[in-house]
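Q: sequence and predicted structure below; questions after.
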Amino acid sequence: MLDQLSGRLQKVMKFLRGEGKITEKNMTEALKMIRMAFLEADVNYKVVKEFEARIKEKALKEEVLSSLTPAQQVIKIVRDEMTAMLGHKESKLNFSGSLPSIFMLVGLQGAGKTTTCGKLAKRVAENKKHPLLVSIDMKRPAAQDQLQIIAKELGLPFYELTSGQMASPKKALKAVVEHAREHSYDPLIVDTAGRLHVDEDLMQELYLVKRALDPVETIYVGDAMTGQDAVKSASFFEEKIGVTSIILTKLDGDARGGAALSMVSVTGKPIKFVGVGEKLDRLEVFHPDRMASRILGMGDVLSLIERAEKETDLKETEELTRRMLKQEFSLDDFRKQLLQIKKMGSLSQILSDLPVGGPFKNISKLKIDDQKVVYFEAIINSMTPKERTNPKIINGSRRLRIAKGSGRQVSDVNQLLKQYQEMKRMMKKSNFKKMMSSFPMS
């Protein structure tokens, strides 16, 4: 996520730390590097220009220049301004005073709007709400099928509109709302029509749906991988029908990231959630401050801890931590760790949440191919208990037997053992005991 931008901005931070004092000359150079990093990441030009002006004005103030740590002061200014660019603080969903609260999701075809309806429904259901899903597309009644499948997978209610109801949209919408009210569903999450490109027919259809529903949230769903096209589309939707908030999808993809940085500034609407994977539980609250810290290489440990608390077994984690502190980290422990981490998302995503310096300096450089996690698990399962406890006894013949038993190559077994030993060394070098003492167990 945003790797290209993050890498370039971290070079700027490193450049500033290397300067003995901040001057107009080296600040101009740093700003030039920031400008190029943003533009190459497809951030809106006007947003970049305004951001650069604010940084320059604040960084060259006398109290910054005369401070004992001017570089750190400037880095803090950059982080704070980036947080402001992304929306200052987390924005929560709005719910109406009377049932049902109506969330209407709009956006172009292919942005992941229908899947996002399911993700949003799952998230609010976990917060003790009772959502109802419905799909309204005046031209494609078959568009209901996908959302109905998602609702069934989640075990959540779905309201199916008949072809007769579709012939009279106003009556159909009224019937949906009445059904939700009678059965105390809240919120009513409405999937709407999408097209490959913005057109007046689509806007007119969505305008009529919005006027009939009067939703408390009109959420634009944008594809982060389309960059400035997503920003332009969001602006058009805001102009024609009005939106209250944004959900940005595919932020885990190979996107340059400009959409995330431009969207709030251009539309004036907050990003409330981001999609970070295809699975229906991969919808995360958007925290502007955490995202800014992450982009600048300061990590996002809070989000990592929240995911860990939600997905992992606390007792098993405590036992694993105890064994790590005693330098008793075995291949069995390695397997358990892989299984727990898989629940939290991809390994590359988790490692990207760690700061690039400090006690995580070595661990954050560890590279594991997400696709090989399943292979690693199979290889460890093919070992004997004695081999898992003492990997040093795994000689050539044992490696061949393990490879055959797991359906993998000997080279895969060698890679696993090498990865395991490297992780043990990383933990030792990072002073794991001291590092973990800063996170008291509850």
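A: On my side now, so go ahead.

Q: okay, CA-based contacts and neighbour counts for the rest of this
A: Will do.

Q: packing partners of the longest helix seen in the chain?
A: If you go by DSSP state H, the chain has its longest helix at helix 410-429. For helix 410-429, the elements it packs on are helix 373-381, helix 396-406, judged by 3 or more C-alpha pairs under 8 Å, 6 or more residues apart in numbering; DSSP states H and E.

Q: tell me how many other residues crowd K25.
A: 8 (other C-alpha atoms under 10 Å).

Q: which positions within the longest helix of the chain qualify as buried?
A: For helix 410-429, burial by neighbour count (16 or more other C-alpha atoms under 10 Å) applies to 410, 412-413, 416-417, 419-420, 423-424, 426-427.

Q: equivalent analysis for stretch 142-162, please.
A: 143-144, 147-148, 150-151, 156-161.

Q: let's have those residues in CSV, adding pLDDT, secondary structure and distance to A125.
A: Shown next, in CSV, are the buried residues of stretch 142-162 (pLDDT from 0 to 100; DSSP: H, G, I helix; E, B strand; the rest coil; distance: C-alpha to C-alpha, whole Å):
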residue, pLDDT, secondary structure, distance to A125
A143, 77, helix, 23
Q144, 86, helix, 21
L147, 93, helix, 16
Q148, 93, helix, 16
I150, 95, helix, 14
A151, 96, helix, 12
L156, 96, coil, 9
P157, 96, coil, 11
F158, 96, strand, 14
Y159, 94, strand, 16
E160, 90, coil, 20
L161, 86, coil, 22
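
Q: ok, which stretches of the stretch 201-350 of the chain are helices?
A: 228-240, 258-267, 288-295, 301-311, 314-325, 331-344, 347-352 (DSSP state H, counting those that start in this stretch).

Q: what helix or strand is L120 on?
A: Assigned by DSSP states H and E, L120 falls within helix 113-126.

Q: so I189: helix, strand or coil?
A: Following DSSP: H, G, I helix; E, B strand; the rest coil, I189 is assigned to strand.

Q: who's in contact with the residue most central in space within the chain?
A: What sits nearest the mean C-alpha location of the chain, by C-alpha atoms, centre = their mean, is V276, with 4.0 Å. Residues in contact with V276 (C-alpha atoms under 8 Å, 6 or more residues apart in numbering) are 249-253, 282-284.

Q: what's the spacing between it and K76?
A: Distance, V276 to K76, by C-alpha to C-alpha, to the nearest Å: 27 Å.

Q: can you check L296 too?
A: L296 sits 10 Å away from K76, going by C-alpha to C-alpha.

Q: now A259
A: Going from A259 to K76 by C-alpha to C-alpha gives 23 Å.

Q: the more surrounded of the two?
A: Ranked by neighbour count (other C-alpha under 10 Å), A259 and K76 place A259 first, with 27 against 14.

Q: contact partners for that one?
A: Here A259 is in contact with 42-43, 224-228, 230-231 (C-alpha under 8 Å, 6+ apart).

Q: who wins for most neighbours among these?
A: Counting neighbours by other C-alpha under 10 Å, A224 leads the contacts of A259 with 28 neighbours.

Q: among the contacts of A259, show me the least confident.
A: Across these, the bottom pLDDT score, 72, is held by G227.

Q: torsion angles phi and psi at that residue?
A: When read as degrees, to the nearest 10, the backbone of G227 gives phi 60, psi -130.

Q: so where's the chain shaky on pLDDT?
A: Along the chain, segments meeting pLDDT under 70 span 1-2, 62, 65, 67-68, 138-141, 253-257, 297-328, 341-371, 426-442.

Q: what does the domain assignment say about it?
A: 3-86, 102-291, 301-437 (automatic domain parsing).

Q: in TSV: those, plus distance to N94.
A: Below are the domains of the chain laid out as TSV (distance: least, C-alpha to C-alpha, whole Å):
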stretch	distance to N94
domain 3-86	19
domain 102-291	7
domain 301-437	22
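
Q: pick the most buried one from the ones you listed.
A: Most buried of the domains of the chain, by mean neighbour count (mean count of other C-alpha atoms under 10 Å): domain 102-291, with a mean of 19.

Q: any idea how far that domain is from the chain center?
A: Distance, stretch centre to chain centre, for domain 102-291: 17 Å (C-alpha atoms, centre = their mean, to the nearest Å).

Q: can you measure across it, start residue to end residue?
A: End to end - C-alpha to C-alpha - domain 102-291 spans 28 Å.

Q: same question, stretch 172-191
A: 14 Å.

Q: and for it, what's in contact with it?
A: 95, 99-106, 113-114, 117, 121, 129-136, 159, 161, 165-166, 209, 212-213.

Q: OK, contacts around K56?
A: By C-alpha under 8 Å, 6+ apart, the contact set of K56 is 27, 31.

Q: how close does it get to G20?
A: Per C-alpha to C-alpha, K56 is found 18 Å from G20.

Q: before we move on, what about Y207?
A: From Y207 across to G20, the span is 57 Å (C-alpha to C-alpha).

Q: before I go, just wanted to say thanks for your time.
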